[in-house]
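[1] Sharing a model that was predicted from the sequence below.
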Amino acid sequence: MIIRKKYLFYALAFASSIIAASVSAIDATISQIYIPNPWAFSFSCFIVGIIISLLIVLVFSIPVKGRSLGSRVIDPSFKRLRLVRKEELKYHIPAAVGNAILTIGYLSLLSILGDPSTVLPFSQIVILYLILIESITEKNMPTLSEIQSSIIVTFGAILGSISLTGTINLASLAIVFLVVNPAWVLFSINQRKLKILKVDNRPNDALNIRFWNVVFACLFTAILAIIYDFIVGGNNFIEGIAASINHFSWVALTMGVTFFSYVFYIRALGIGKASVTQAVRASTVLFAIPFSILISYFNVIPPFTTDPVMILIKIIGTILVILGIVSFALALVKAYVFINIKPGYSIEETMDKLWTIWGVTRVTAIAGKYDFIVKIRTRTLVKGYEQIIQKLEEIDAIKDYKWQSVLKEWEKI
């Protein structure tokens, strides 16, 4: 089935956020009733997660009419479970470290705050971190539109992080800013690099990326738990193993559902920038509320306040997040520039100059009528267009060029 790339991106990101919201309710239940120790819970998640993820990937590796089941229903790039490649390790290792730290921080927040509708919005401040990192690592300076949209989403997320119980825990701020957000940046940036990396001349697939991330994250979580136990004299490593055995069914449930949330998220990362993907995924601010109400009904977390002021603040925060997401969606502009160069000029030198232009995401030398195809990505059509055209005209080697804006793109589901 073919779908517009834009629609697929939003479908994947929203699906990931809905599933993540449901996972947060399961995690809150486990952390409040069964495994209150966030270190033990984190380690047990990855121990059980390896087993569950392996079973899921093996099922999706089953061939059906010449193609794997996973390629038909989850990711067209998926062929079967495979060993990790050498070129993937430089991204898998930092992504796994990020996931290990992120999980410990996230479950620590749940143990402190309890309410998923508070924890999930709190962590969306990471969008500002992602925009800053992308401007440095991906040669893609954020536009004014992106900055404005990110501030709207972030401010909405902060308002949404105020619990409906009417309280806000200042101690959790340190975990959010110093643990969860930096770890999420490390995780998401490297997961995106893995998704856009080609393996065996094929696009990388989200299922193998997720499985191997769980494997490596389990290793790093074990190391962190052992170090922490050594420093404080705790027993978190052993407690994690015990929790994975004693509460296997509950942990298997959360890791099984989480698998699909992250697979959809990784697929979305392969289409859009990490900051934009995270901005759309910030819709968990909205989706987490009914799940929080549900578990409060069963007394897993304290019942919500009926204070209209607190409810109004929560609603305002949710509306701001939605407005920020919509502004992200409407501002994106893509284009291709077809370029001819003058005789006698170096192809390599011209390519290097083209690559230095802000907004250029790909430069391809081709044979035929044109010498280069340059892919453009910007969020301000008029100003972005003028700046890019000005830079093109400053390159002496360029003879002529044609700008073609992208109206629609399609991709397999």
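    Yep, that arrived. Numbers count the residues shown, from 1 in each chain.

[2] mind giving me the domain split of the chain?
    Per automatic domain parsing, the structural domains of the chain span 2-331, 333-412.

[3] hey, which of these is tucked in deepest?
    domain 2-331 (a mean of 20; mean count of other C-beta atoms under 10 Å). (Each C-beta comes from the backbone N, C-alpha and C, glycine too.)

[4] picking up where we left off before, CSV for the domains of the chain, including mean pLDDT?
    What follows is the domains of the chain, written out as CSV (pLDDT from 0 to 100):
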stretch, mean pLDDT
domain 2-331, 84
domain 333-412, 82
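
[5] Residues contacting the helix or strand that contains V363, please?
    Using DSSP states H and E, V363 sits in strand 360-365. By C-beta atoms under 8 Å, 6 or more residues apart in numbering, the residues outside strand 360-365 that reach it are 139-140, 347, 351, 354-355, 371-377, 388.

[6] what's near enough to touch D205?
    G70, D75, S77, F78, K79.

[7] mind putting those residues in TSV, distance to L392 and secondary structure included?
    Below are those laid out as TSV (distance: C-beta to C-beta, whole Å; DSSP: H, G, I helix; E, B strand; the rest coil):
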residue	distance to L392	secondary structure
G70	42	helix
D75	36	coil
S77	33	coil
F78	39	coil
K79	40	coil
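
[8] Return the closest of those with respect to A20.
    D75 (18.1 Å; C-beta to C-beta).

[9] where along the protein do the strands fall?
    2-4, 63-64, 67-68, 198-199, 202-203, 333-341, 360-365, 372-378, 398-405, 410-412 (DSSP state E).

[10] With G105 as the reference, name the closest of these.
    strand 198-199 (30.3 Å).

[11] picking that back up, closest to S405 among the contacts of D205?
    Nearest member of the contacts of D205 to S405, counting by C-beta to C-beta, is S77, at 27.5 Å.

[12] I figured that closest one hits N204, correct?
    Yes: using C-beta atoms under 8 Å, S77 is in contact with N204, at 6.5 Å.

[13] End to end on stretch 296-310, go ahead and measure it.
    17 Å (C-alpha to C-alpha, to the nearest Å).

[14] Stretch 196-215 now?
    Per C-alpha to C-alpha, the first residue of stretch 196-215 is 21 Å away from its last.

[15] One more: stretch 62-71?
    10 Å.

[16] Out of the contacts of D205, which comes closest to L159?
    D75 (35.4 Å).

[17] next one: phi and psi at the closest one?
    Per-residue torsions, D75: phi -150, psi 120 (degrees, to the nearest 10).

[18] Tell me who's in contact with F14.
    V280, S283.

[19] Contacts only, for the nearest residue to Y345 once chain neighbours are set aside.
    Nearest in space to Y345, with sequence neighbours left out and distances taken as C-beta to C-beta, 6 or more residues apart in numbering, is A397 at 3.7 Å. The contact partners of A397, by C-beta under 8 Å, 6+ apart, come to I341, K342, Y345, S346, E349, T350, K353.

[20] wait, the second one sits on D371?
    Pointing back at K342 there. No: using C-beta under 8 Å, K342 is not in contact with D371; the gap is 9.8 Å.

[21] Overlap of the contact sets of the two?
    By C-beta under 8 Å, 6+ apart, no residue touches both K342 and D371.

[22] Quick check: pLDDT value at L332.
    Per-residue confidence (pLDDT) for L332: 65.

[23] Begin at 889, not 1, for the rest of this chat.
    Understood, numbering begins at 889; the last thing we discussed is L1220.
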